[in-house]
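In: From the sequence below, what's the structure:
(2 chains)
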Amino acid sequence: MHYRRPGLDRLSHALLALCCLLFLLPVWLAFTASTHTLDALYSQTASLWFGEAGWGNYRHLLSGSFGGLGTDVLTLLINSTIMALGIAIGKIAISVLAAYAIVFFRFPFRRLCFWLIFITLMLPVEVRILPTFEVVADLGLLDSYAGLILPLIASATATFLMRQFFLTVPPELVEAARIDGAGPWRFLRDILLPLSKTNLAALFVIMFLYGWNQYLWPLLITNDADYLTIVVSLKRLLTSADGLVPWQNVTATAILAMLPPVAVILLMQRYFVKGLVDSEK
Amino acid sequence: MATLRLNGIRKRYPNGITALHGIDLSVADGELIVVVGPSGCGKSTLLRTVAGLESISDGELMINEQRVNALEPAERDIAMVFQNYALYPHMSVFENMAYALKNRGTPKDEIRRRVTDTARLLDLAELLDRRPRQLSGGQRQRVAMGRAIVREPQVFLFDEPLSNLDAKLRVQMRLEIRRLQKRLGITSVYVTHDQVEAMTLADRLVVMNGGHVEQCGTPMMLYAQPATRFVASFLGSPAMNFLPLAAHRDAVVLPNGAQVALPDMLSAGRAATLGIRPEHLVEAASQPEAAAVLDVTVEMLEPLGADTLAYTRLPGLDEWLVVRLDGAHAAREGQRLSLAFAMANCHVFDAQGMRVPVSNEASVSLREAQ
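Out: Residues are numbered from 1 along each chain as shown, chains lettered A, B, ... in the order given. As a prediction, the model looks like this:
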């Protein structure tokens, strides 16, 4: 929509800029705070500009264990990345296969299968977290990447989204592929997945963020510092032992924790913008 | 090259609907069979059972005298052109055409050679790197054809391939399909609801209705000797005129009271409808020897250039009587016309719509029924 009203244009731009500033403010505060020393943070009111510690705080965080966490931030970042990638890729793999079966194959109780998957949407993770913990503990998966990833890997939401997309694929395309000698796997690999590229990119971003931001589950099943994730560690830093909260470390860790999701979004954005531009069948 | 034979093919869906009631059809090597019928007559289902996209409930499907009922579509060695082309949107024209060959494990250089040859044949050589969405409707249609041709299949199946094109392109592609099919000599089954397409393309025509074959034969034979009233009404544009016949003593009468003398008493008893094509109704004045039996009033004129169609009203008949007049005819709306027709051009059908053979001595007389 475009109206020929310069006043309206200017007003909406001003509003947009204001909102952007509001959203950026906390990030900016965290970023500047992460460059101050602990003393400076406690001896003055919140500063809006960089402090004298500079990159020192970051260097300190990345180089050695600190603050009772028993590990360095680099390990935390790697752990979180492994978990988030595992969850995102696992969820996509499982939901694509489930949706593929539900949409393209005729088997008994097909509808029932779909509804069974669908109703799991109605159970929040927290409701089933204790039984899940029990199972994972029995399997001996506490303090392991498998334990972090596997219980979160099935996704009704993603299955549902993929199903909706698969339903829009014209049936003639399936038939043409059958006549062209493409078996089920080939059809999935050569035709369905390339056509779903846009959806997969969007789903990947959502699922990566979901995995990255997991708090309760990693908190429950990890004791070993080697498997600690960055989101959990943030909370742990705040409650560290000896009185003063090391705000410069907390904010720096928070800034570092933001970087991978931002990178994923920027990277994937190219794909789904491209997909949106030249999608159409 | 191949022959195709259908022996009593039936298709019943799990919900109890029967789409095909035992179809028998034999297609000779290199022949182009057109299956035509109104929507819902089962013609697409027939094509899909031949393709293997639908299972066969009963009967036998033979390609080259080999039973293929249980084979997957790809194993039947057929190629199909779909109505909406069903091109893979994410693949280039080249990849679209090469896909079936690639799946069969054809060597790369042979794929390249065959695709380029086919592209040249279809005038697609410049477009091989394009995606389907960058092509016009006619080009997409040609790619769909190319995808079928490049495989050198035993049988070609066409599912209303021209119905998404505009009128001019449709005529052009119709000729193109005919030319290619003859040149490649591939046995083909072509499904359409367009009777002009059916008449012009077919070596033999199969008219289907309600899951049955109504009649099968050359287009001109079906046009001249329709076996049923349905076939008579389906082929020809504008459609054949039908006049109900009423039995009156030893004769049958037309709605306006004119008597039709059918010498054969048996056929006289069965006759229920008289069919006459618009081009077989002529002005009585031009044919002094034919009895003028139909006095009609012109209600509407449709000038088509070469001819003019006159929609006329015959007393006693609810429908219009359509007459094909010469384009130069000076008819006006509201004008009265005296029409004559030769009995040899008439088709007589019984109450079930089956053709009743009429001997040559049959005639129509002006005599009013008593």
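In: and the helix or strand hosting B:M221, what's its mean pLDDT?
Out: Under the criterion DSSP states H and E, the helix or strand holding B:M221 is helix B:219-224. Regarding helix B:219-224, the rounded mean pLDDT is 93.
In: which strands and helices sit next to it?
Out: Using 3 or more Cβ pairs under 8 Å, 6 or more residues apart in numbering or on different chains; DSSP states H and E as the contact criterion, the elements in contact with helix B:219-224 are helix B:195-201, strand B:204-209. For every residue, glycine as well, the C-beta is placed using N, CA and C.
In: So which residues make contact with that helix?
Out: B:198-200, B:202, B:204-205, B:207, B:215, B:231, B:235-236 (Cβ atoms under 8 Å, 6 or more residues apart in numbering or on different chains).
In: Which residues of chain A lie near chain B?
Out: Proximity of chain A to chain B is assessed by Cβ under 8 Å from any Cβ of the partner chain, with A:170, A:172-173, A:175-182, A:186, A:190-191, A:194-195, A:197, A:278, A:280-281 identified as the residues in range.
In: Tell me which of those fall in strands.
Out: Using DSSP state E, the subset of those located in strands is empty.
In: Out of those, which end up buried?
Out: The neighbour-count test (16 or more other Cβ atoms under 10 Å in any protein chain shown) applied to the residues of chain A next to chain B identifies A:172-173, A:175-182, A:186, A:190-191, A:195 as buried.
In: Of those, which is the nearest to B:R336?
Out: Lowest distance from B:R336 to those (Cβ to Cβ) belongs to A:E172, with 53.7 Å.
In: isn't the closest one right up against B:V81?
Out: No - in this structure A:E172 lies outside contact range of B:V81 using Cβ atoms under 8 Å: 10.6 Å.
In: how many neighbours does A:T81 have?
Out: Neighbour count for A:T81, taken as other Cβ atoms under 10 Å in any protein chain shown: 19.
In: so where's the chain uncertain?
Out: Reading this off chain A. Across chain A, the stretches falling below the confidence threshold (pLDDT under 70) are A:1-2, A:46, A:65-69, A:240-242, A:274-281.
In: let's do chain B instead
Out: Per-residue confidence of chain B (counting by pLDDT under 70) places the weak regions at B:1, B:248-252, B:261-269, B:287-292, B:359-370.
In: Domain map for it?
Out: Under the assignment automatic domain parsing, the domains of chain B span B:4-233, B:238-368.
In: Highest mean neighbour count out of the ones you listed?
Out: Of the domains of chain B, the one with the most neighbours on average (mean count of other Cβ atoms under 10 Å in any protein chain shown) is domain B:4-233, at a mean of 19.
In: for it, how far is the first residue from the last?
Out: 29 Å (Cα to Cα, to the nearest Å).
In: now stretch B:150-166
Out: OK, stretch B:150-166 end separation, Cα to Cα: 26 Å.
In: again with stretch B:189-205
Out: For stretch B:189-205, the first-to-last residue distance is 10 Å (Cα to Cα).
In: likewise stretch A:211-227?
Out: End-to-end distance for stretch A:211-227: 15 Å, by Cα to Cα.
In: Identify all contacting residues around it.
Out: With Cβ under 8 Å, 6+ apart as the contact definition, stretch A:211-227 has outside contacts at A:65, A:69-71, A:75, A:79-80, A:83-88, A:125-126, A:129, A:133, A:136-137, A:141-145, A:147-148, A:151-152, A:228-229, A:231-232, A:235, A:260-261.
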